[in-house]
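Novice: below: sequence and its predicted model.
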Amino acid sequence: MYRMLRTTAALLAALAVTLVAAAPASAAPSARPSAGAGLDAAKRAVADRIDKRLEALDRFTATIGKAKHLDAGHRDTLTKLITDSRSGLTALKTKVAGETTAAAVKADAQSMVDDYRVFMLTGPKVRLSIAIDTELAAVELLRNKPGADQAKLDAVAQSLAGKVDALLAIQPGPDGAAIRNSVQPIRAAAKSARTTLKSLR
Amino acid sequence: MAAMRRTLAIALTALVLFAGGCDRARRAAPAPNPASTTAPAAAPSAGATGVDDLLREVDQQIDDDARPAEDED
């Protein structure tokens, strides 16, 4: 009987120790000062958003690597843009980790968007540059086709002339609508050229 | 008589071998294919294939560009 009681007591003690040990982990967030928890959460959220941009930059690098008809100058410009963006965003992530105020984290988040515009501008720069340079390569190939409509091919080439340079010259900034409006005509030109080229093949 | 039979046997053997060889050569030779005369015109030219490849690459980039980004900004 005494032995059974002793075993039960030992088991209860072990259970109590386990519960006490586990408690701080689950209670930790609420035990902290709410301002500190909020700051940590904000820093984590911004760091996650920076990571998404870094991953996107890696995908852009892979896309550029596979592009067979991207002009060499355009390739260099895009590669430099991605390298600079990557190092800037990596430094910003380190800065975010060391911030001690919510205002500073908010400013970092704004910088992450305004100074880079990875999704709104860098992505379209990569994709549309490749598309337009490839369309220009298709124009030259179609010129060799017997009976090719040279006038239409001239018009397509003309519609695309200088578009990639104009696209690559667009700078990131706080005015997102202005950036979209600058990219849109270039996107439209690429789509229109694609339609015409498909009709001429 | 025996010599004549031997000569005849050799001649027949040679004839059989010769006929078998001719038949094998005929089977090995490619039969004229009616489609082969039109094949060059029907097959896409190298240029057309190249243009199709290029336009596929254009499609991929423009389609990717049309997909919603992870973040709007």
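Specialist: Done, it's in.

Novice: now do the helix ranked longest in chain A: which elements does it pack against?
Specialist: Assignment by DSSP state H gives helix A:34-66 as the longest helix of chain A. If you count contacts as 3 or more Cβ pairs under 8 Å, 6 or more residues apart in numbering or on different chains; DSSP states H and E, helix A:34-66 packs onto helix A:72-97, helix A:102-114, helix A:123-143. Glycine gets a C-beta too; all of them are placed from N, C-alpha and C.

Novice: buried stuff in the second one?
Specialist: To tie it back to what came earlier, the one meant is helix A:102-114. Buried residues in helix A:102-114, counted by 16 or more other Cβ atoms under 10 Å in any protein chain shown: A:104, A:105, A:108, A:109, A:111, A:112, A:113.

Novice: so the longest helix of chain A versus helix A:123-143, what angle?
Specialist: Counting by axes from the mean of the first three to the mean of the last three Cα atoms, to 10 degrees, helix A:34-66 lies at 10 degrees to helix A:123-143.

Novice: how about helix A:34-66: buried residues?
Specialist: A:39, A:42-43, A:46-47, A:49-50, A:53, A:56-57, A:60-61, A:63-64.

Novice: before we move on, what about stretch A:173-190?
Specialist: Within stretch A:173-190, the residues that qualify as buried are A:176, A:179, A:182, A:183, A:186, A:187, A:189, A:190, counting by 16+ other Cβ under 10 Å.

Novice: and these as CSV, adding pLDDT?
Specialist: Converted to CSV, the buried residues of stretch A:173-190 look like this (pLDDT from 0 to 100):
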residue, pLDDT
A:176, 97
A:179, 98
A:182, 98
A:183, 98
A:186, 98
A:187, 98
A:189, 98
A:190, 98
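
Novice: filter these down to the ones near chain B?
Specialist: A:176, A:187, A:190 (Cβ under 8 Å from any Cβ of the partner chain).

Novice: ok so, going back, helices - which of the buried residues of stretch A:173-190 land there?
Specialist: Taking DSSP H, the ones among the buried residues of stretch A:173-190 that sit in helices are A:176, A:179, A:182, A:183, A:186, A:187, A:189, A:190.
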